[in-house]
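**Student:** Whatever this is, show me its structure:
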Amino acid sequence: MGGSVVEDDLSPPAFLQLVGDPHRWQLLSELAHSDRRVGELTDVLGRPQNLVSYHLAELRNAGLVTARRSCADRRDTYYRADLVRIRDLLGATGAALHPGLQLRPAAPAPLAVERAGRTPKVLFLCTGNSARSQMAEALLEHRSGRAIRARSAGSHPKALHPNAVKVMAERGIDIAGRPTKHLGRFARARFDRVVTLCDKVREVCPEFPGRPPAAHWSMPDPAAGGEDDEQTYPAFTRTADELEARMELLVGQLATETRSGRPRAH
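**Tutor:** Alright, predicted model coming up:
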């Protein structure tokens with residue numbers, strides 16, 4: 001199956017060889033839409049767990065996939081594709097072959113959504129609705145110029161965390177005073193996408209009308225590192241940074257689906 005390719009040695013030929021393997025490509029295709037546990041990936045590929053784990057290790061070694069221990073069950077691990085890095089490597093690979101093969105920037109996603117004449121709706125869920133889901137809701141509406149409508153809720157709502165307010169304010173987004181909500185409030189609402197941000201909420205997430213596509217972003221609670229706001233502030237910054245990167249890709253995905261009228265079933 002070839003030797004491992006380390007991140008610093010990922011030349012265009014090495015990248016193509018790595019992702020050209022059918023098993024790895026299928027893994028990346030699955031992880032491009034949702035974080036997954038190895039057992040779920042084993043089911044998707046229909047292959048033994050040791051083979052799936054081998055290919056995941058190769059992708060991790062190349063910096064294309066990262067792993068994070070589940071907050072719901074510490075014996076489990078969630079895998080995530082680094083889509084920003086994959087995008088950059090795809091672009092570099094085309095340009096290395098011929099300058100005319102450089103990736104061209106697409107039309108701005110918010111504008112594409114507006115032109116489609118329909119407003120996609122996304123629901124973000126976490127446990128307390130006090131940080132991750134509130135930040136995601138605000139970031140999505142901000143990034144899309146409000147062309148996408150976002151909502152958030154929690155399984156056990158609690159007060160909005162001051163660090164969430166502070167981190168968003170530093171990005172020019174005011175979420176102070178936003179109410180926290182129980183996910184049951186949206187039990188009859190229709191959404192184009194439901195995104196769980198907490199491993200625990202994913203286990204109890206109900207079905208929503210129309211069975212919208214679901215995605216899971218396995219993100220730890222930034223407030224879990226301590227009671228002191230100053231102590232946990234760096235974790236909130238990291239959470240916001242990760243959400244920013246994920247949001248850019250989600251806006252592009254929703255713009256494509258809105259134009260085509262065919263959301264990706266999952």
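**Student:** only C-alpha atoms for contact and neighbour calcs from this point on.
**Tutor:** Fine.
**Student:** Report the mean per-residue pLDDT for the helix or strand residue 14 falls within.
**Tutor:** According to DSSP states H and E, residue 14 maps onto helix 12-19. Helix 12-19 shows an average pLDDT of 92 in the prediction.
**Student:** Please apply the same query to stretch 90-97.
**Tutor:** Mean pLDDT, computed over stretch 90-97, is 89.
**Student:** Would you mind listing the buried residues in stretch 169-176?
**Tutor:** residue 175 (16 or more other Cα atoms under 10 Å).
**Student:** who's in contact with that stretch?
**Tutor:** With Cα atoms under 8 Å, 6 or more residues apart in numbering as the test, stretch 169-176 has contacts from 134-135, 138-139, 142, 165, 168.
**Student:** Could you point out the helix or strand that follows the helix holding residue 14?
**Tutor:** Helix 12-19 is succeeded, C-terminally, by helix 22-31 (DSSP H and E).
**Student:** in that next one, what's buried?
**Tutor:** Buried residues in helix 22-31 (16+ other Cα under 10 Å): 23-24, 26-28, 30-31.
**Student:** could I get the residues you listed as TSV with distance to residue 16?
**Tutor:** Listed next are the buried residues of helix 22-31 as TSV, based on distance: Cα to Cα, whole Å:
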residue	distance to residue 16
23	13
24	11
26	14
27	15
28	13
30	18
31	18
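**Student:** would you say residue 78 is within a strand?
**Tutor:** Yes: judged by DSSP: H, G, I helix; E, B strand; the rest coil, residue 78 forms part of a strand.
**Student:** Contact partners for it?
**Tutor:** Per Cα under 8 Å, 6+ apart, neighbours of residue 78: 35-38, 67-70, 218.
**Student:** now do 6 Å
**Tutor:** Residues near residue 78 by Cα atoms under 6 Å, 6 or more residues apart in numbering: 36-37, 67-68.
**Student:** for the record, mean pLDDT for stretch 126-134?
**Tutor:** 97.
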